[in-house]
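Student: okay, predicted coordinates and the sequence, questions at the end:
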Amino acid sequence: MVYFITSNSYKYQEVQKMTSLPIFQTPLEYPEIQADTLEAVALYGIEYCHDRVREPCFLEDSGLFIHVLSGFPGPYSRYVFETLGCDGILKLLSEEREAHFESVIAYADESDTKLFIGRVDGRISRTKKGEKGFGFDPIFIPEGEKRTFALMTLQEKNLYSHRGKAFKNLITYLEQVR
């Protein structure tokens, strides 16, 4: 049994669609430090959570990195989304729209802590497109696509997404050690 530490049911659905392993959602609240890297945020969080859950568990942290803004919002994406939203990000940009999403999954069990990373390159759309998904999904178009994440089915999004790539890496690891 492995616990996914998240209160976000959408993230839980994403991982559920990718595996038949017994993964259970637990909405344990944990402090999310402000740090310059997703890795530092995820490592701090999983140490806190594993000390309380005392079972194999993982959490996921992700960020949108806009190249013309020197990688902003990056590890501050949640705060920026809650403060500015998609419309605020769109107002900050002019012609240069290259961006990427990164996802870091931190996994801990009784013997080890591991990180699993996923990345997807793409660009920011000129307008919001789509209602599905969450966060910046309505404004991010992955490389090789014309649609935003919010216009894709969950299965389609998992083929491209940073989180999908990181989940695949975690699942491969769990299948090897279980």
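Tutor: Looks like it arrived, so ask away.
Student: only C-alpha atoms for contact and neighbour calcs from this point on.
Tutor: Fine.
Student: ok, Y76 to F65 distance?
Tutor: 10 Å (C-alpha to C-alpha, to the nearest Å).
Student: same question for N8.
Tutor: Per C-alpha to C-alpha, N8 is found 21 Å from F65.
Student: these two: who's more crowded?
Tutor: F65 (21 against 12; other C-alpha atoms under 10 Å).
Student: hey, where'd the helices end up in this structure?
Tutor: 9-16, 38-53, 77-83, 85-92, 154-160, 162-177 (DSSP state H).
Student: looking at those, which is closest to A108?
Tutor: helix 38-53 (6.5 Å; C-alpha to C-alpha).
Student: chain neighbours aside, what residue packs nearest to the residue nearest in space to the middle of the chain?
Tutor: Geometric centre of the chain, nearest residue: S62, 3.6 Å, by C-alpha atoms, centre = their mean. In space, and not counting its chain neighbours, S62 is closest to S103: 4.2 Å by C-alpha to C-alpha, 6 or more residues apart in numbering.
Student: hang on, that neighbour packs against L64?
Tutor: No - with contact defined as C-alpha atoms under 8 Å, S103 does not reach L64; the gap is 9.1 Å.
Student: can you pull the contacts of S77?
Tutor: By C-alpha atoms under 8 Å, 6 or more residues apart in numbering, the contact list for S77 reads S62, G63, L64.
Student: can I get those residues in TSV including distance to F134 and pLDDT?
Tutor: Conversion of those to TSV gives the following (distance: C-alpha to C-alpha, whole Å; pLDDT from 0 to 100):
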residue	distance to F134	pLDDT
S62	12	94
G63	13	96
L64	13	97
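Student: can you redo those residues as a markdown table with distance to T83?
Tutor: Formatted as a markdown table, the contacts of S77 follow (distance: C-alpha to C-alpha, whole Å):
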| residue | distance to T83 |
| --- | --- |
| S62 | 17 |
| G63 | 15 |
| L64 | 15 |
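Student: just the ones in strands from those residues, please.
Tutor: S62, G63, L64 (DSSP state E).
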